[in-house]
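Asker: coords below, sequence missing:
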């Protein structure tokens, strides 16, 4: 992408652009978060769950540490006996660590984005193996940022390890003259301290990477004003979108119509199929006005609203059907219905007196 193209893309991505990107597997993702979660899982496993499994490992290794000359590794049989003697204890110690590390890393990845299979992401593409494209990824802004993160992590971990080894130097030196069975426990203690400090130090890097990854993703989806115009044209021309817009317009119109039923003078209904709400004010209009009409469920709703607001419901099957077929909402009834409707209104007004 040229600099001019980047400068022209100043508008935030639309929902459609974001949805299409997600469907193609283009989602924000921080590589540092799973790594940090795995290290944190290792710390938790070493601190709380594995001291008990360390004892059998120490017991299995004790003979080799106390009397190493008694276990000469001169041939394959000697190596096999050594592995056989320590394999079970080593597995009991390492398998939980591997499971916890992998599980924490997986959970961290799943939290960032819901997993999905996108064929386009696994389809062979020349751009992925192209030397020029690879060169651009390495020396581009993204590659420079990844390099800077790697340098910061290396320097921080190295500095932490150096400071910790200096503070624990006395223990390390004394371990050379201590009982060999105590060495694994010492290594575990020092490892826990080292990993704890590393986790604390890398929290800032991980948090910054999470924010930066999402910002970079949003920036990559930016659109130009022309892109917005083109998408608007495509969206407006989409039959599905038009159908959806018509459906929304009909829903809004139906809601407004039902809201007007409260102003009706009378509702003329077929008992179950049709209902027409009429309003007549002698001083305001020359003929009754149709406020709402409907059939089946809509007719039932019109009747319910009328009854809830004390509006008379008059059942007249022929008149209800004829009015429904002949008059639209917000129109006055034709002259041919004056007589029939006038009789109903006269009856209601007389009853009201």
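Answerer: In hand now; what should we look at? Everything quoted here is computed from the prediction, not taken from an experiment.
Asker: helices or strands up against the helix or strand encompassing residue 163?
Answerer: Here residue 163 sits within helix 141-167, counting by DSSP states H and E. Other helices and strands packing on helix 141-167, by 3 or more C-beta pairs under 8 Å, 6 or more residues apart in numbering; DSSP states H and E, are helix 183-220. (Glycine included, C-beta is placed from N, CA and C.)
Asker: how about the helix it packs on: buried residues?
Answerer: By 16 or more other C-beta atoms under 10 Å, the buried positions in helix 183-220 come out as 184, 188, 190, 194-198, 202, 206, 209-210, 213, 217.
Asker: now do that helix against helix 141-167, angle only.
Answerer: Interaxial angle of helix 183-220 relative to helix 141-167 (axes from the mean of the first three to the mean of the last three C-alpha atoms, to 10 degrees): 160 degrees.
Asker: tell me how far helix 183-220 lies from the chain's centre.
Answerer: 24 Å (C-alpha atoms, centre = their mean, to the nearest Å).
Asker: state the mean pLDDT of that helix.
Answerer: Across helix 183-220, the average pLDDT comes to 82.
Asker: check which element follows it along the chain.
Answerer: With DSSP H and E, the next secondary element past helix 183-220 is helix 225-237.
Asker: hmm, who's touching that next one?
Answerer: The contact list for helix 225-237, computed with C-beta atoms under 8 Å, 6 or more residues apart in numbering, reads 8, 9, 10, 11, 14, 16, 17, 223, 241, 242.
Asker: can you list these in CSV and add neighbour count and distance to residue 275?
Answerer: Shown next, in CSV, are the contacts of helix 225-237 (neighbours: other C-beta atoms under 10 Å; distance: C-beta to C-beta, whole Å):
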residue, neighbour count, distance to residue 275
8, 15, 57
9, 19, 55
10, 10, 54
11, 14, 49
14, 16, 42
16, 13, 41
17, 17, 46
223, 18, 49
241, 13, 33
242, 12, 30
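Asker: follow-up on the earlier one: pull out the buried residues from the helix holding residue 163.
Answerer: So helix 141-167, judged by 16+ other C-beta under 10 Å, has buried residues 149, 153, 156, 160, 164.
Asker: give me the domain ranges for this structure.
Answerer: Domain assignment for the chain by automatic domain parsing gives 27-115+125-220, 253-352.
Asker: where among the ones you listed is average confidence lowest?
Answerer: domain 27-115+125-220 (a mean of 75).
Asker: next, the contact list for residue 287, please.
Answerer: 280, 332, 333, 335, 338.
Asker: just the buried positions in the host helix or strand of residue 348, please.
Answerer: Secondary-structure element containing residue 348, defined by DSSP H and E: helix 338-352. Within helix 338-352, the residues scored as buried using 16+ other C-beta under 10 Å are 341, 344, 345.
Asker: distance to residue 303 for the buried residues of helix 183-220 - can I get that in TSV?
Answerer: As requested, these are exported to TSV (distance: C-beta to C-beta, whole Å):
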residue	distance to residue 303
184	83
188	78
190	82
194	77
195	72
196	72
197	74
198	72
202	68
206	63
209	62
210	57
213	58
217	54
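Asker: among those residues, which one sits closest to residue 26?
Answerer: Nearest to residue 26 out of these is residue 217 (C-beta to C-beta; 7.6 Å).
Asker: can you tell me the SS state at the closest residue to residue 269 other than its chain neighbours?
Answerer: Excluding the flanking residues, the one nearest residue 269 by C-beta to C-beta, 6 or more residues apart in numbering is residue 275, at 4.3 Å. What DSSP: H, G, I helix; E, B strand; the rest coil gives for residue 275 is strand.
Asker: which strand residues bridge residue 275?
Answerer: residue 269, residue 294 (DSSP bridges).
Asker: if I look at it, how far off is residue 311?
Answerer: 11 Å (C-beta to C-beta, to the nearest Å).
Asker: and the contacts of residue 287, which of them are in strands?
Answerer: Judged by DSSP state E, strands contain none of the contacts of residue 287.
Asker: just to revisit the earlier point, from the chain's centroid, how far away is the helix holding residue 163?
Answerer: That offset, for helix 141-167, works out to 32 Å (C-alpha atoms, centre = their mean).
Asker: mind starting the numbering at 15 from now?
Answerer: Happy to do that; since the first residue is 15 now, the last one works out to helix 155-181.
Asker: who's in contact with residue 212?
Answerer: 53, 170, 171, 174.
Asker: if we go to 10 Å?
Answerer: Shown in contact with residue 212 (C-beta atoms under 10 Å, 6 or more residues apart in numbering): 50, 53, 54, 57, 167, 170, 171, 174, 175, 178.
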